[in-house]
Every structure is written in C-alpha cells, then in structure tokens.
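# Structure, please.
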Amino acid sequence: MKKITTLTLLGFLTLLSCAKPFDVEGEFGVVVEKPGIAASPTSLTTSESGDVGIFRVKLRTQPTADVTLTLQSSNVAEGRLRALGGVCDAANGIPVTTTCTVTFTPANWNQPQEVAVVGQDDLVTDGNAFYTVFFPVALSSSDAKYNALTPAAILITNTDNDLPAISVSPTTGTTSEAAGNFTFSVVLQAQPSANVTLSLSSSNEAEGRIRRSGGICNTGGTIGTGTCNLTFTAANWNIAQSVTVTGVDDLVADGNKAYTIILSPAVSVDASYNNFDPADIAMTSTDNGVPGFTFSATSGLVTNESGATATFTVRLNTAPTANVTFGLSSNNTGEGTVSPSSLTFTTVNWNSNRTVTVTGVADNRIDGNVGYTIVTAAATSSDAAYDGLNPPDVSVTNNNTDAGKYLFISNSTTRGNFGGPFGADALCNADLAKPRPGTYRAVIGHATVPVLSDPGPPPLYDPVPAREIGTDWVLYANTRYYRGADDRLVGPTSGFGALGTMTNSMHNSAITYWTGLDGSSSIDPGFGCSSGIDDMAKLGPTWVSAGSSRRGTIGDGAATSVNAALTFSTQTCNQSLPLLCAEQ
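Numbering: from 1, shown residues only. Sure thing, here's the model as predicted:
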C-alpha cells in the first residue's frame with residue numbers, strides 16, 4: 001500500500017520546494033510518496049581509532065518484489081562496511097574492502113536495516129578525511145518502480161588519530177660505573193612525509209655515554225662522546241630504534257649521580273615533525289667508587305737474614321678530595337725493616353702505584369723462619385671518606401740464614417769430683433737443657449802431663465787424655481756458636497777453635513759454671529779440683545776432688561769477654577755448679 005498524506009497548500013509548497021520524494025496527483029492535491037530509499041542519518045562520523053558509524057535504511061514504499069541494494073565505501077583506507085558472506089551485517093560482520101548487499105521484501109520493506117561502517121587507521125597524519133558509502137550499482141528488483149533506481153550516498157567523516165609524535169620508552173633508567181648498560185627505544189607515532197632526524201647526547205659523559213657507530217646511535221657500537229643521530233623515514237617510521245647508554249667509572253667515591261640523555265628537537269622538512277621535542281631520559285649512575293687501598297700483596301712476602309728484600313705496591317681505589325697519608329712500620333725490627341715510613345697520596349698521584357721495600361734483618365739467632373708484619377696506620381686526610389680508613393697490614397717471613405752449633409749451660413749441677421772430661425761429657429749429654437738432639441761435650445780444661453814444681457810424693461799421672469786447645473778440644477774452628485737459652489749468637493771461633501769477639505754472653509742471665517781453663521787466651525788448663533799436691537792440674541788427676549780446700553776455675557755466664565766467660569774466678573770444689581756444654 002502506498003502511504004498517502006493530505007497536506008495544506010502551504011505544506012505542499014514547502015515539500016515541493018524541498019524536492020521531497022513524492023508526487024501530487026488529482027484535483028484535490030493528494031500527495032503520493034514515490035518509490036525510493038530512506039536513510040538515516042545521512043551523515044556519519046567514524047575515527048581512525050576504529051570507531052563505528054551506523055546508519056539505517058528502508059524503502060519508502062512497498063515493493064511488489066524483493067529489492068536488493070548494493071553498498072560500497074568510496075575509500076576503504078578510511079572506512080569499511082561490516083559484512084558477512086557478502087551481506088551487510090552490522091552486528092556480526094567484519095570490515096571488508098568489497099561491496100555488500102541489503103535486501104528488502106514486500107513484507108519487511110518498511111523495517112529499517114542497520115549498516116555499520118568501521119573507521120580505518122591510515123597511519124598518516126592527514127587530518128580528518130571525508131568519504132561516502134554509495135551505491136555503485138542500481139537497485140535490482142522485479143518491481144519496475146525500484147529496478148534500476150539509484151539512491152543517494154551517505155556522507156562520512158573519518159577523524160584522524162595520527163598526530164605527529166615521537167615515543168620514547170622508558171624515560172627513566174640506571175647505569176652503573178662498572179660499565180652497566182641501559183637501553184631505550186624511540187619510534188614515531190605517525191608516518192612522516194619526509195625524513196625525521198633526532199640528535200642524542202649525554203648531559204654528563206663522566207657518568208654515562210651513548211654507544212654509536214660513525215655518528216649513528218647504535219646499541220652494538222662503541223662508547224663515544226658528543227652527539228649521535230637517529231633517522232626515521234616514511235618506510236621505517238614505525239620501527240622502534242634502540243639506543244644503549246653505558247655507565248662510566250669516574251674513579252671518584254661520589255655516590256649515585258643523576259644525569260640526562262638529551263633528545264634534541266627533531267629536524268625535518270615535514271612541518272608536523274620539525275622542532276618536535278621528544279622526552280629526555282632521566283638517568284641515575286650508581287657509584288662503584290668505594291674508598292680504599294689496593295695492595296699488590298698483603299701476604300707471601302719473603303726476606304732473609306742476609307738482607308734480602310721484598311717489595312709491594314699501594315695505590316688508592318678512588319680519587320680523594322685531599323691528601324691521604326698513612327704510616328708504615330715493622331712489628332719486629334729484629335726481623336725486618338720497612339721503607340718509606342709513610343706514604344702520601346694526592347689528588348694527582350692517587351692511582352699511581354707506590355713501592356714499599358721490606359728488608360730482612362740478621363738477628364744472630366738460630367730461630368728458623370720467622371713471620372713478622374708491616375703494620376699500616378689508619379689514614380689521615382681532610383677527605384672524610386679516607387680519614388681514619390685503615391689499610392691492610394702486610395705479612396712477611398724472614399728466612400733464617402744463621403747456622404752453627406750450640407753452647408748451653410746445664411740444668412744439672414755437680415761438685416768438682418765429676419770425674420774429669422769424660423764424666424763432664426756424660427753429664428752434658430744427659431742434661432735436659434740440650435737445645436736440640438745430638439752429641440755434646442763439656443768445655444772443660446784438663447792436662448795430663450805433670451810439672452814437678454813442688455817437692456812431694458812421686459808424680460801421679462792422670463790416665464784421662466788431655467783437653468785443651470789443640471788437644472781433644474771441643475770447639476770447632478771457624479764455627480758460629482749460639483747459646484741454647486734463646487738461640488742467640490755467642491760468637492765465632494778462630495781457625496784453631498778459640499772464641500774471639502763475643503756478640504752475646506754464654507747465657508741470658510747471670511750464672512757461673514766449671515771451666516778449669518786459664519791463660520791469656522782462656523784455652524789452657526787452670527784450676528781443676530785436682531787430687532795433686534796443689535790446686536793446679538800439675539800433679540795427679542783433675543776433677544776428682546769435692547773438698548773445700550781445692551778449687552776449680554769458673555766462667556761467668558753473663559760476661560761478654562772471652563776471659564771472663566771462661567776464667568772469671570775460682571770456686572771451692574765442694575760447691576755444686578753447672579757445666580758449659582758444646583754441640584759436636
């Protein structure tokens with residue numbers, strides 16, 4: 001049925017002037033609606049963000065047969081119809097680049113059917129774009145009034161979302177002074193019409209620098225100074241370019257430092273990008289500069305008692321703000337000395353190795369290899385980071401070069417009747433004061449040849465062999481002798497076994513002992529608790545009397561002259577004294 005509307009003359013004229021789709025028939029001015037397509041609204045808006053515009057279509061009059069409309073977007077780069085299997089489907093369709101159809105029947109001709117248009121992102125900064133949904137072919141129908149009828153188009157605006165922008169991500173980062181890296185990326189948000197070039201630089205190249213190759217920022221390049229560039233073209237504008245920043249060790253204990261990777265305003269012929277200023281990168285450099293001292297060695301150094309030296313070097317770990325001084329000393333100058341006695345580092349020479357020399361000292365003791373320490377004092381400086389900081393001490397071993405034989409004073413004591421040299425030797429070997437295992441003999445004077453200086457009974461001959469210099473003498477020639485009490489050097493012997501200059505006494509405390517020696521060189525027999533007619537070993541055996549009327553020569557253990565050490569005085573033979581024993 002046609003829809004017939006009766007209008008007043010004024011309404012008729014208005015419709016006529018607007019070229020409405022109707023005809024006026026009959027003498028009574030009856031308005032008859034013409035066949036056609038009613039679309040609402042006649043203009044839409046989509047967006048490059050994918051916003052959808054929907055319009056509704058229906059027939060103006062009831063057809064006598066099915067009527068099929070064919071629709072198409074005039075610019076599929078800006079907007080596309082939703083369709084499914086070639087049929088426009090606003091609810092379930094997908095955006096297509098082809099046409100789609102809408103069909104009306106005599107039953108549903110006046111029921112609006114929805115058509116959806118989806119905005120498309122053309123990735124170009126081109127402003128809002130206009131396009132239409134039009135009908136490229138005439139309507140198809142067996143109804144002669146609708147067949148070949150060409151309806152009007154729908155005007156659509158696709159709003160542009162491609163604003164010129166430069167994306168930097170992330171915009172904060174951290175590097176470390178131990179060459180730690182940080183990487184960020186840069187990409188354009190819209191396609192430019194010409195190349196876009198960015199210059200990048202570090203605000204503090206003492207903390208961080210950008211990697212580059214030949215002036216182009218390049219994550220695989222080398223660390224460089226000054227600016228490097230990134231260039232985006234119409235082909236690679238949406239491909240992110242990476243930039244790597246590497247931390248730099250400033251060699252100063254200055255804590256974490258802030259600096260900036262600066263992206264200068266873009267340079268381009270494209271006016272939308274030219275002078276566009278992208279975000280800078282806020283950077284933090286974590287400090288690895290820990291104040292301290294680097295020693296080439298703090299153990300394992302060796303000197304010896306012949307004066308051999310050892311060296312080590314010292315430098316600061318970080319640049320100080322003022323002079324740093326610390327002292328050096330040996331905790332045992334009897335084993336080794338150190339030079340210099342102090343080191344001073346300045347803001348200029350702080351990282352230069354300074355050499356310290358340790359020299360072994362002869363201690364004249366058979367004491368084996370002895371460890372000692374080069375003691376470092378706490379540093380003094382106006383730089384608070386170094387003031388009071390204590391460098392490590394250095395361990396050194398002084399190898400012993402002393403070699404020789406031992407003399408010791410026996411723990412056991414005896415009166416003058418110990419039975420001559422053989423008896424004295426037995427006492428020495430059995431004594432617990434022996435400094436080390438081995439054979440020991442007594443340093444004791446003994447003569448067998450009688451001298452007839454006094455009248456008396458017939459001479460008595462001592463059956464024990466003589467013991468004096470050159471005859472059964474117990475000290476070896478050209479030998480260094482050390483005292484058993486504390487391993488210290490007593491002195492060397494001459495080429496015939498006599499002690500010369502004494503470095504130390506026979507014992508480390510005052511004590512006297514039997515020697516039986518006499519003479520200017522203290523190597524001849526003297527008083528020996530004899531059983532003869534006098535106290536001298538001139539008639540009869542020696543070291544056989546314990547009587548108070550006989551006397552024996554004694555030595556002074558605290559004396560440092562040979563005569564006093566071996567012929568200090570005499571003592572009555574009834575006194576109990578130790579013996580002086582010599583290692584063989």
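# Any buried residues in stretch 434-441, and which?
434-435, 440-441 (16 or more other CB atoms under 10 Å). For every residue, glycine as well, the C-beta is placed using N, CA and C.
# Would you format these as JSON lines with distance to Asp277, secondary structure and pLDDT included?
Output for the buried residues of stretch 434-441, formatted as JSON lines (distance: CB to CB, whole Å; DSSP: H, G, I helix; E, B strand; the rest coil; pLDDT from 0 to 100):
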{"residue": "Lys434", "distance to Asp277": "94", "secondary structure": "coil", "pLDDT": "96"}
{"residue": "Pro435", "distance to Asp277": "89", "secondary structure": "coil", "pLDDT": "95"}
{"residue": "Tyr440", "distance to Asp277": "98", "secondary structure": "strand", "pLDDT": "97"}
{"residue": "Arg441", "distance to Asp277": "102", "secondary structure": "strand", "pLDDT": "95"}
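# from the residues you listed, which single one is nearest Met283?
Distance ranking of the buried residues of stretch 434-441 against Met283, using CB to CB, places Pro435 first at 71.5 Å.
# and that closest one, how far is that from Ala582?
11 Å (CB to CB, to the nearest Å).
# Please apply the same query to Ala310.
36 Å.
# contacting residues around Glu78?
46, 119-120, 122, 129, 131, 156, 158 (CB atoms under 8 Å, 6 or more residues apart in numbering).
# now the strands for the stretch 151-300 of the chain?
With DSSP state E, counting those that start in this stretch as the criterion, the stretch 151-300 of the chain has strands at 154-159, 166-169, 172-176, 181-188, 196-202, 208-213, 216-217, 222-223, 228-232, 241-247, 257-263, 267-268, 281-286, 293-295.
# Save those as a markdown table, and put in distance to Leu517 and mean pLDDT too.
Putting the strands of the stretch 151-300 of the chain into a markdown table (distance: least, CB to CB, whole Å; pLDDT from 0 to 100) gives the following:
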| stretch | distance to Leu517 | mean pLDDT |
| --- | --- | --- |
| strand 154-159 | 127 | 93 |
| strand 166-169 | 101 | 94 |
| strand 172-176 | 80 | 93 |
| strand 181-188 | 86 | 96 |
| strand 196-202 | 90 | 97 |
| strand 208-213 | 86 | 95 |
| strand 216-217 | 97 | 96 |
| strand 222-223 | 85 | 94 |
| strand 228-232 | 95 | 97 |
| strand 241-247 | 82 | 96 |
| strand 257-263 | 83 | 95 |
| strand 267-268 | 109 | 96 |
| strand 281-286 | 81 | 93 |
| strand 293-295 | 56 | 95 |
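# got a markdown table for those, with distance to Thr97 and mean neighbour count too?
What follows is those, written out as a markdown table (distance: least, CB to CB, whole Å; neighbours: other CB atoms under 10 Å):
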| stretch | distance to Thr97 | mean neighbour count |
| --- | --- | --- |
| strand 154-159 | 15 | 20 |
| strand 166-169 | 29 | 16 |
| strand 172-176 | 43 | 17 |
| strand 181-188 | 26 | 19 |
| strand 196-202 | 30 | 20 |
| strand 208-213 | 43 | 22 |
| strand 216-217 | 39 | 18 |
| strand 222-223 | 49 | 14 |
| strand 228-232 | 29 | 19 |
| strand 241-247 | 32 | 21 |
| strand 257-263 | 39 | 18 |
| strand 267-268 | 32 | 18 |
| strand 281-286 | 42 | 20 |
| strand 293-295 | 71 | 17 |
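# Kindly present the ones you listed as a markdown table, with separate columns for distance to Asn92.
Putting these into a markdown table (distance: least, CB to CB, whole Å) gives the following:
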| stretch | distance to Asn92 |
| --- | --- |
| strand 154-159 | 21 |
| strand 166-169 | 35 |
| strand 172-176 | 45 |
| strand 181-188 | 35 |
| strand 196-202 | 42 |
| strand 208-213 | 52 |
| strand 216-217 | 48 |
| strand 222-223 | 57 |
| strand 228-232 | 40 |
| strand 241-247 | 41 |
| strand 257-263 | 46 |
| strand 267-268 | 44 |
| strand 281-286 | 47 |
| strand 293-295 | 75 |
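# For Asn304, find the nearest of the ones you listed.
strand 293-295 (21.8 Å).
# Listing partners with orientation, what would you give for the closest one?
Sheet partners assigned to strand 293-295 using DSSP bridges are listed as strand 309-316 (antiparallel).
# Return the alpha-carbon coordinates of the helix or strand following the partner strand using CSV.
Counting by DSSP states H and E, the next helix or strand C-terminal to strand 309-316 is strand 324-330. C-alpha atoms of strand 324-330 as CSV (Å, rounded to 0.1, in the frame of the first residue of the first chain):
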residue,chain,number,x,y,z
VAL,A,324,95.8,10.9,52.2
THR,A,325,98.7,9.9,54.4
PHE,A,326,99.3,6.7,56.4
GLY,A,327,102.4,5.3,58.2
LEU,A,328,104.2,2.0,57.9
SER,A,329,106.2,0.2,60.5
SER,A,330,107.6,-3.2,61.3
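# So for strand 324-330, what gets flagged as buried?
Neighbour-count burial for strand 324-330 flags 324, 326, 328, 330 (criterion: 16+ other CB under 10 Å).
# Which of these sits closest to Ala378?
Ranked by distance to Ala378 (CB to CB), the buried residues of strand 324-330 are led by Phe326 at 6.7 Å.
# Count residues in the vicinity of the residue lying closest to that closest one once chain neighbours are set aside, would you?
Nearest residue to Phe326, sequence neighbours excluded (CB to CB, 6 or more residues apart in numbering): Ala379, at 4.3 Å. Residues lying near Ala379 (other CB atoms under 10 Å) number 24.
# is it true that Ala379 touches Gly327?
No - counting by CB atoms under 8 Å, Ala379 does not reach Gly327; the two are 9.2 Å apart.
# so what are the domain limits for this structure?
1-34, 35-159, 166-286, 293-399, 404-584 (automatic domain parsing).
# quick one, which of these is packed in tightest?
Highest mean neighbour count among the domains of the chain (mean count of other CB atoms under 10 Å): domain 404-584, with a mean of 19.
# about what we covered before: which neighbours do Pro435 and Ala582 share?
Counting by CB under 8 Å, 6+ apart, the common neighbours of Pro435 and Ala582 are Tyr406.
# Would you point out the helix or strand in this structure whose mean pLDDT is lowest?
Between all helices and strands in the chain, the lowest mean by mean pLDDT, DSSP states H and E belongs to helix 9-17, at a mean of 29.
# Please list all residues in contact with Arg315.
Residues near Arg315 by CB under 8 Å, 6+ apart: 293-294, 345, 350-354.
# Against Thr380, how distant is it?
The separation that Arg315 has from Thr380, given CB to CB, amounts to 17 Å.
# Could you do Asn108 as well?
In terms of CB to CB, Asn108 sits 102 Å off from Thr380.
# now swap in Tyr476 and tell me
Counting by CB to CB - Tyr476 and Thr380 are separated by 55 Å.
# Ser381 against Phe326, yeah?
No - shown here, Ser381 and Phe326 do not form a contact pair, counting by CB under 8 Å, at 9.0 Å.
# now the helices: where do they sit in the chain?
Under the criterion DSSP state H, helices of the chain are mapped to 9-17, 420-430, 562-567.
# Is the residue lying closest to Thr45 once chain neighbours are set aside bridged to anything, and to what?
Using CB to CB, 6+ apart and skipping the chain neighbours, the partner closest in space to Thr45 is Thr157 (5.0 Å). As for beta bridges, Thr157 partners with Thr45, Phe130 under DSSP bridges.
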